[in-house]
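K.L.:
using only what follows, build the 3D model:
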Amino acid sequence: MNFNSKNPFLSNKRFSSNAVSKAEEVHQAQIIDYNQEMTLSGTINKTAILFLILCASSMITWWMAFNGTSPIIPAFGGAIVGLILVIISAFKPQASPYLAPGYAFFEGLFIGGISAIFELRYPGIVINAVGATLVTFLVCLGLYKFKIVKVTEQFKSVVIAATLAIATYYLISWVASLIFNFTPVHYGNGMMSIGISVFVIIIAALNLFLDFDQIEKGVQQRMPKFMEWYGAMGLMITLVWLYIEFLRLLSKLSSKD
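P.N.:
So this is what the prediction gives:
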């Protein structure tokens, strides 16, 4: 079985098959407009823009939580809208220049709200989760840049399979908890629950390597300019997932004290 995707958003069909057809069209026309091609610096800039938008919007629900207003509705409303924008962008990557900033804004509402809830219960947890996410990102980036970790087809297959398994487990656990009214094992603070969180964090971190690889391939294959937003959006999705998992792990460790 050959897995050609990585996190649920970035698809190799977008970065490979489209790239081949695009390259063929450019070759046949003998016209190359370098200003309209995906670049690494452009993708980095787009990622920074999305990060700033996410941080700015997160302050809205963060402020609400610390000023006596419940952030639940805007937070989870933002999560739902963000998910919808991700799905649309997956099918319409050419709309990513508009959808990606919207995703960052609405996802920021969710991140700000959920972060405030955790912070109120476990003071200091947010800064620790942010730090852990940043360190993980930098370590993975360094390992990828210096070719210490190489993204092979087998590597992709294992990471994608594990990611799909986690998503399936979360979905089944959530549905089962609604139907049978029980608490899934990963909700507690026992060793099993902590072990599951550590495993999920490792898989989320490994998805970063797939993000880096897809962005690099997109640049090499001279993908159209809008793919910078598409690649940046995929990277942000992984970072948000990683941050949330760190929040969950740290909350479990704090509740044991």
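K.L.:
average pLDDT across stretch 236-254?
P.N.:
Regarding stretch 236-254, the rounded mean pLDDT is 97.
K.L.:
go on, stretch 173-188?
P.N.:
Stretch 173-188 carries an average pLDDT of 84.
K.L.:
roughly how far is that stretch from the heart of the chain?
P.N.:
Distance, stretch centre to chain centre, for stretch 173-188: 24 Å (Cα atoms, centre = their mean, to the nearest Å).
K.L.:
buried sites along it?
P.N.:
Neighbour counts over stretch 173-188 (16 or more other Cβ atoms under 10 Å) mark 173, 186 as buried. Just so you know, the C-beta spots here come from the backbone N, C-alpha and C atoms, and that holds for glycine as well.
K.L.:
between the two ends of it, how far is it?
P.N.:
Chord length of stretch 173-188, first to last residue, is 13 Å (Cα to Cα, to the nearest Å).
K.L.:
output the lowest mean pLDDT helix or strand found in this structure.
P.N.:
None of the helices or strands of the chain scores lower by mean pLDDT, DSSP states H and E than helix 18-29, at a mean of 44.
K.L.:
now the element after it, going C-ward?
P.N.:
helix 40-65 (DSSP states H and E).
K.L.:
packing partners of that next one?
P.N.:
With contacts defined as 3 or more Cβ pairs under 8 Å, 6 or more residues apart in numbering; DSSP states H and E, the packing partners of helix 40-65 are helix 72-91, helix 96-121, helix 191-220, helix 227-255.
K.L.:
hmm, try it at 7 Å
P.N.:
Under the contact definition 3 or more Cβ pairs under 7 Å, 6 or more residues apart in numbering; DSSP states H and E, helix 40-65 sits against helix 96-121, helix 227-255.
K.L.:
flag every buried residue along that helix.
P.N.:
So, applying 16+ other Cβ under 10 Å, buried residues of helix 40-65: 42-43, 46-47, 50-51, 53-54, 57-58, 60-62, 64-65.
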